[in-house]
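In: Fold the stuff below for me.
(one chain, ligands or ions: 1)
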Amino acid sequence: MQRIKTLSEYFKKYELSEKDPESFWSEIADSFTWKKKWDKVLDWDFEKANTKWFQNAKLNITENIFERNLKERGSKTAIIWEPNDPSEPSIHLTYQELYEETCKFSNALRSKGIKKGDRVIIYMPMVPEAAIAMLACARVGAVHSVVFAGFSSTSLADRINDCQAKMVLTSDGNFRGNKTIPVKSVVDEALEKSSTIESVIVLERTKQTINMFEGRDHWWHDCIKEESNVCEAEVLDSEDMLFILYTSGSTGKPKGVVHSSAGYMVYSAYTFLNVFQYDENDIYWCTADVGWITGHSYIVYGPLLCGATTVMFEGIPTFPNVSRFWDIVDKYKINQFYTAPTAIRALQAHGLDPIKNNSLESLKVIGSVGEPINEEAWHWYHDNIGKGNCPLVDTWWQTETGGIMISALAGITPNKPAHASLPLPGIHPVIVDADGNELIGNNVQGNLCIKFPWPSILRTTYGDHQRCINTYFSNYKGMYFTGDGVKRDHDGYLRILGRVDDVINVSGHRMGTAEVENAINEHEEVIESAVVGYPHNIKGEGIYAYVIVNSESSDDIIKAEIIDVVRKVIGPIAKPDKVQIVSGLPKTRSGKIMRRILRKIASNDYGNLGDTSTLLNPNVVEEIIKGAN
Ligand code: 7RM
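Out: All right, here's what the predicted structure looks like:
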């Protein structure tokens, strides 16, 4: 695959992608290995949410990672694994070793009856086996759905049930900082609420005591013991499902975003190579978890397709101390470092002391993802980590887009603090006003839509195509709606302003306000609740819950119980930062909660609440302001 090397080349490619998208994308796709090439590059109809890329082509993504790379890169390190505890030895897996481990586990999956199209849940810590599990599923044509190992048993059961999964891959436990987290027992609880799982494969990691259910549960090491290290790859159609990844939206339960084989492969590899400007001998590290899309596209698939060395880190940035990230950068001489603004802000709060003993001179490119990066954090990151001479790529994209959509190309596109900057070739963003009119030219602000398909656009929401149409393709006719606000500045550079729907972004994690409200409402004494986001120094947004209760308990006790119920129903990442007990919620005459007012109060912005006279209960606003946290 050719990499873009200059700004004028970027503009040339961009122009070609507008004029002739089919030849632009087929040239890129040509550098992959196909069992059979496509008949037609693209077929699409946004009104029906139907997009097909590389029609009737046949392939397996793992042959593009392994067979395509092995000859030249068999002895090159594919994965460097850094354990939670820095005194435990790290692991280096070459492409050849990763290939053999993947084949063994693919054979194990087949031995346990997994076939093409079956759904397999991966609920695992950040260990090489998590990547091996994903790749083995892809090799046998099974559809993986990775669930972040911090989610509760209820969240896990919801996902298992939604996609009718046949198998769960998990571990006994999970090391995280100085804690050991039970994982298998969460799976056991989830399986009490679901009926489709036939077997569970358990990786031994923490060696803690767990229950193994005869006939259902098997140890990972037993499963691979007798398996061969060669495994023929299943031949998949370009549009066959590669994976499902659940993500939160503004309504109801999380949606299963579906990605297909060929388009995702082409786009994740192309964007990895170009955004990070990866060179053959570079060491690349993305700090995300494989439970999120960033881990899928930019720890596993993108880098491995490009034959890169990718670092996987099991731990957290603050253990054993707040120098951990920078120690890892120096230990492996990381060249490209990719993390989230929330991590930057958290580390920034500790000042420069934690980096005074680090050189960081291996760094060539630093990146940001998951939420808007504020200017202060941008400068701190750029000056102190990048030492002022590393391009900072602020990469905007979503679970649904599969890969990076708007970003500088490192060292090529001029940097502008807090601006994701320009769309990648092949991406055609438009800014629309509330009525759907396209806002042309510079100095405009509105909602961000994409008007033309790209190879890794989501294909559907699992089991409910209408929901996909309604969520993404109905707000603005003929366009994909992102849910984000955006500004195009006087230079034509794009700045993402954050969500315009009822989704909040807490430490780079997407959370639906309705989802958190539903969890709170599970508490027996809760009558009604309303959840909004508010600006938070470190997390970007915090979760503020207004709750009406019917309870004899003290406010402090009930608040603690409410936080606990959210932890149990969704997981610790969804715990409200602030809970306010109120006697009523501001509502319109038709009974709709006025979130706009609640958001302002949560943000300490009482000055301009707008017109409250049309409320059903204007008095309640005063009361809420008085009691605000
Ligand atoms: C990759 C990822 C998607 C939402 C998206 C935005 C926000 C992501 C940026 C960003 C500003 C960025 N997928 N977002 N990247 N906002 N600048 N560079 O995070 O599906 O989990 O979240 O995240 O609101 O819609 S995600």
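In: Going along the chain, name the helices of the stretch 1-150 of the chain.
Out: Assigned by DSSP state H, counting those that start in this stretch, the helices in the stretch 1-150 of the chain fall at 7-19, 21-29, 61-65, 67-73, 95-111, 128-140.
In: Turn those helices into a markdown table, columns for mean pLDDT, distance to the ligand and mean neighbour count.
Out: (Glycine included, C-beta is placed from N, CA and C.) Converted to a markdown table, the helices of the stretch 1-150 of the chain look like this (pLDDT from 0 to 100; distance: least, CB to the nearest ligand atom, whole Å; neighbours: other CB atoms under 10 Å):
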| stretch | mean pLDDT | distance to the ligand | mean neighbour count |
| --- | --- | --- | --- |
| helix 7-19 | 98 | 19 | 15 |
| helix 21-29 | 98 | 21 | 18 |
| helix 61-65 | 98 | 20 | 25 |
| helix 67-73 | 98 | 25 | 15 |
| helix 95-111 | 98 | 25 | 22 |
| helix 128-140 | 99 | 17 | 26 |
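In: what's the closest of the ones you listed to E371?
Out: Set against E371 and scored by CB to CB, those come closest in helix 128-140, at 23.8 Å.
In: List the beta-bridge partners for the residue in the stretch 501-629 of the chain that the ligand sits nearest to.
Out: As assessed by CB to the nearest ligand atom, the ligand sits closest to R510 within the stretch 501-629 of the chain, at 4.6 Å. When bridges are called by DSSP bridges, R510 pairs up with N505.
In: repeat for L245
Out: Listed by DSSP bridges, the beta-bridge partners for L245 are V257.
In: Looking at the stretch 401-550 of the chain, which residue is nearest the ligand?
Out: Using CB to the nearest ligand atom, I496 is the residue of the stretch 401-550 of the chain that sits closest to the ligand, at 3.6 Å.
In: before we move on, back to that, mind listing what the residue of the stretch 501-629 of the chain closest to the ligand touches?
Out: Counting by CB atoms under 8 Å, 6 or more residues apart in numbering, R510 makes contact with T247, S248, T399, V503, I504.
In: most neighbours, which of those residues?
Out: Comparing the contacts of R510 by number of neighbours (other CB atoms under 10 Å), I504 comes first, having 28 neighbours.
In: related to what we said a few turns ago, now the helices of the stretch 1-150 of the chain in CSV, with distance to R595?
Out: Listed next are the helices of the stretch 1-150 of the chain as CSV, based on distance: least, CB to CB, whole Å:
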stretch, distance to R595
helix 7-19, 38
helix 21-29, 39
helix 61-65, 41
helix 67-73, 50
helix 95-111, 45
helix 128-140, 37
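In: The ones you listed: which one's closest to G540?
Out: Nearest of the helices of the stretch 1-150 of the chain (CB to CB): helix 128-140, 26.0 Å.
In: and that closest one, what other elements does it pack with?
Out: helix 61-65, strand 77-82, helix 95-111, strand 119-123, strand 143-146, strand 241-247, strand 309-313 (3 or more CB pairs under 8 Å, 6 or more residues apart in numbering; DSSP states H and E).
In: Out of the ones you listed, the one nearest A233 is which?
Out: Closest to A233 of those, according to CB to CB: helix 61-65, at 5.2 Å.
In: What helices and strands are in contact with the closest one?
Out: helix 128-140, helix 261-276, helix 302-305.
In: Outside of the last one itself, list whatever touches it.
Out: This means helix 302-305. 61, 64-65, 69, 78, 98, 131, 135, 265, 268-269, 271-273, 278, 284, 286, 309-310, 403.
In: Up against the ligand, what does the chain have?
Out: Contacts of the chain with the ligand, taken as CB under 6 Å from any ligand atom, map to 247, 292-294, 368-372, 394-399, 420, 482-484, 496, 498-499, 505, 508, 510.
In: Show me these that map onto helices.
Out: The members of these that map onto helices under DSSP state H are I293, T294.
In: What remains of the residues of the chain next to the ligand if I keep only buried residues?
Out: Neighbour-count burial (16 or more other CB atoms under 10 Å) applied to the residues of the chain next to the ligand gives 247, 292-294, 368-372, 394-399, 420, 482-484, 496, 498-499, 505, 508, 510.
In: Please report the distance of E67 from S359.
Out: Distance check for E67 against S359: by CB to CB, to the nearest Å, it reads 38 Å.
In: same deal with V168?
Out: Distance of V168 to S359, given as CB to CB: 43 Å.
In: So for these two, which residue has more residues nearby?
Out: Each of V168 and S359 has its neighbours counted (other CB under 10 Å); V168 has more, 26 against 12.
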